[in-house]
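The following comprises the amino acid sequence and a computationally predicted model.
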Amino acid sequence: MNKKGILIIISGFSGAGKGSVVKELLSKNDYTLSISATTRQPRDYEQHGREYFFESREDFEKMIENNELIEWASYCDNYYGTPKSFVEGNLQQGKDVILEIETQGALDIKKQFEDALLIFITVPKAQELKARLEGRGTEDSNIITKRLKRAYEETQLMKQYDYIVINDKLDKCAEDISSIIDAEHKKTVRNTHLIEEIKEQFEELLKGEI
Ligand code: 5GP
């Protein structure tokens, strides 16, 4: 029987290194990354269809209307959303699908998919977040303040996640997350078919005795 994949939601403060952690996870494991749609401007190194599908506000609003997104949220004046068919198709095929999304969208997903796995990545200290955002050099100081305020708001939602992982060292953080995913696969509720199979094997072995 083809086991359904796990829907893995990874959120974290902007600047906590989610992007690098997700890249590391994908390079070492057979996970599938969902590519979101956004109305934000591409950064220099970003490509349409690789980091994001970069859309106009008008096209994004059409996607909402046509029910093409599992969830969407407005974050720092831009829309971000998760395309539905890609995610559902991969889960059906047994793939573990990672969504790297902000908190509002994550909690929305939790309402729709009760067996989704929600993981929050944090920095060890708030001061470090500011330093990392400044060091990245891709956003001006207004945007950095906006993102820090948003991070503060997100601290209130962290407790609704299943796991909190500190990104102090990239490798360790990615390993922690893949261990969580491995453990999640072994949960009893995700293995009812296995219990049934083993039970039937015993029944076969003990034919006539039980
Ligand atoms: P950035 O502009 O730095 O790439 O992303 C800003 C925030 O939007 C990040 O927290 C990122 O995780 C989140 N984000 C990216 N894609 C999606 C999405 O499809 N839905 C939601 N809700 N958030 C997203």
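Looks like it arrived, so ask away. Residues are numbered from 1 along each chain as shown.

where are the low-confidence patches of the chain?
The model of the chain has pLDDT under 70 over residues 1-2.

what does the domain assignment say about it?
1-31+96-185, 34-94 (automatic domain parsing).

deepest of these, which one?
domain 1-31+96-185 (a mean of 16; mean count of other CB atoms under 10 Å). In short, each C-beta sits where N, CA and C put it, glycine included.

how far is that domain from where the chain is centred?
7 Å (CA atoms, centre = their mean, to the nearest Å).

Let me know whether that domain sits next to the ligand.
Yes. Residues of domain 1-31+96-185 contacting the ligand under CB under 6 Å from any ligand atom: 14, 100, 101, 102, 104, 105.

what pairs with the second one across the strands?
With DSSP bridges applied, residue 100 shows beta-bridge pairing to residue 10.

which residues touch whatever residue of the chain ends up closest to the ligand?
Here the residue of the chain nearest the ligand is residue 105; by CB to the nearest ligand atom that distance is 2.3 Å. By CB atoms under 8 Å, 6 or more residues apart in numbering, the residues touching residue 105 are 71, 72, 73, 80, 81, 82, 99.

Secondary structure element holding it?
helix 103-112 (DSSP states H and E).

right, and the helix or strand after that helix?
As assigned by DSSP H and E, the chain's next helix or strand after helix 103-112 is strand 117-122.

continuing past that next one, what's the next helix or strand?
Next along from strand 117-122, by DSSP H and E: helix 126-136.
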